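**Q** Structure here, sequence nowhere to be found:
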C-alpha cells in the first residue's frame, strides 16, 4: 500500500513538472540552513532532532524543491536493567508549495516528499545477548509550516512534518534558520 502512495506522489510531482512548468523553473542552490526540534517516534518518548537543508530552487511557480538531512536518536530503559536505542538518519527530498499571501512577513507553505531512512536499533540487558538491527526504509513526508524574514538574507522557519516510515512513523516539530545564497 505504501508503494502505491509513494508512486502516486511521484506521479504528482511529474505532472507538476510539465513542459510549461519546466520553462518557468529556476533550479539551483538558493538557500541553506539548519533546524532543531522535537521528534515523536511511534511507540517511543519524544527526543531531540537536528538537521540541515538546502533549498534547490523552484520546480514551478511557488513550488520549491528542498533537500534535507535529519538525525534523531533515542535510548530508553527496558526491563531487567537493560537499554534500548533507536537512531534514524534520513535524507529527504520534498516539494513545498508556497501559498500566495499579501503580507511578506509570513510565508506559509505545505508539501510532501520522499526520504531514505537509515534506521538502527540496539537492545542490551545484563545476562542476555545484545541484539542489533539496521535497515534502510523509504518514507513519505507530509507537512508544512511558515517562514518569516529576520533580515534581507535570513529567514526564521517553523515547521510540522509527519513521516510515514514502515515501523518508525514520526512527528517532527522544529524551528530553523534559512540563509539565502547569492542575494
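**A** Structure received. Keep in mind it's a predicted model, so treat the numbers as computed, not measured.
**Q** quick one: residue 71 and residue 49 touch, right?
**A** Yes - using C-beta atoms under 8 Å, residue 71 and residue 49 qualify as a contacting pair, with a distance of 6.6 Å. Backbone N, C-alpha and C define where each C-beta goes, glycine included.
**Q** Between these two, which has more neighbouring residues?
**A** residue 49 (23 against 15; other C-beta atoms under 10 Å).
**Q** what is that one paired to in the beta sheet?
**A** Counting by DSSP bridges, residue 49 forms beta bridges with residue 37, residue 72.
**Q** going forward can the numbers begin at 34, since that is how I track them
**A** Right, with 34 as the first residue, what we last looked at is residue 82.
**Q** any idea how far residue 122 is from it?
**A** Distance, residue 82 to residue 122, using C-beta to C-beta, to the nearest Å: 11 Å.
**Q** which residues are in contact with both of those two?
**A** Counting by C-beta atoms under 8 Å, 6 or more residues apart in numbering, the contacts common to residue 82 and residue 122 are 103, 104.
**Q** Output the lowest mean pLDDT helix or strand found in the protein.
**A** The element with the least model confidence among the helices and strands of the chain, by mean pLDDT, DSSP states H and E, is helix 52-56, at a mean of 46.
**Q** what's the closest non-adjacent residue to the residue of the chain positioned farthest from its centre?
**A** Computed with C-alpha atoms, centre = their mean, the residue of the chain farthest from its C-alpha average is residue 160, at 38.6 Å. Here the nearest residue to residue 160 in space, its sequence neighbours aside, is residue 113; by C-beta to C-beta, 6 or more residues apart in numbering that works out to 7.4 Å.
**Q** Let me know the secondary structure of the one you found.
**A** helix (DSSP: H, G, I helix; E, B strand; the rest coil).
**Q** Quick check: it touching residue 157?
**A** No - counting by C-beta under 8 Å, residue 113 sits too far from residue 157 to count as a contact (10.1 Å).
**Q** okay, those two: which has more neighbours?
**A** Neighbour totals were compared for residue 113 and residue 157, and residue 157 leads with 15 against 9 (other C-beta under 10 Å).
**Q** which ones are touching that one?
**A** The contact partners of residue 157, taken as C-beta under 8 Å, 6+ apart, are 115, 116, 117, 163, 164.
**Q** what about residue 105, how many neighbours?
**A** Counted with other C-beta under 10 Å, residues neighbouring residue 105 total 24.
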